[in-house]
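Asks: Fold the following.
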Amino acid sequence: MFNKIKLFIARRKFDRVVNKKSFAYQYAFRNKGEEQLPEYFDSNKKYVNYNKGDIVPLEIKGCYKAFYKIMGWHRSHGDYAGWDDGRQYALKLHHVEFNK
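Replies: Below is the predicted model:
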């Protein structure tokens with residue numbers, strides 16, 4: 001019961017809705033000492049293609065990790081020849097977990 005209360009309070013530390021989030025931007029700065037969230041490539045070095053309805057870990061604050069549900073996405077530009085997929089995601093907070 002105590003853990004549920006702590007997680008409920010922890011949810012207030014994170015934005016409930018995130019719009020126009022580019023995962024490729026996080027990948028570009030992955031070497032700055034922070035965990036890459038969400039993962040841009042899986043353990044086999046294969047590109048992860050996220051879709052509407054997927055739940056992804058997005059942010060860590062202190063000992064909490066926030067997971068967001070993808071509500072939709074769009075491409076903000078027409079440059080499909082670049083290294084990224086050009087997607088911007090609309091996300092909604094799904095749940096928060098203890099980050100061990």
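Asks: can you give me the helices in the protein?
Replies: Taking DSSP state H, the helices of the chain run over residues 2-10, 23-28.
Asks: Identify the residues contacting residue 92.
Replies: By Cβ atoms under 8 Å, 6 or more residues apart in numbering, residue 92 lies in contact with 16-18, 68-69, 71. The way it works is simple: take the backbone N, C-alpha and C, and place the C-beta from them, glycine included.
Asks: Kindly recompute the last result at 10 Å.
Replies: Neighbouring residues of residue 92 by Cβ atoms under 10 Å, 6 or more residues apart in numbering: 15-19, 55, 68-71.
Asks: now that we have those, which one has the most neighbours?
Replies: Across those, neighbour numbers were computed from other Cβ atoms under 10 Å; residue 68 holds the maximum, 26 neighbours.
Asks: Could I get the contacting residues of that residue?
Replies: Taking Cβ under 10 Å, 6+ apart as the test, what residue 68 contacts is 14-18, 21, 37-38, 54-59, 89-95.
Asks: confidence score at it?
Replies: We have a pLDDT of 93 for residue 68.
Asks: Next one: it from residue 22, what distance?
Replies: Here the criterion is Cβ to Cβ, to the nearest Å. By it, residue 68 lies 14 Å from residue 22.
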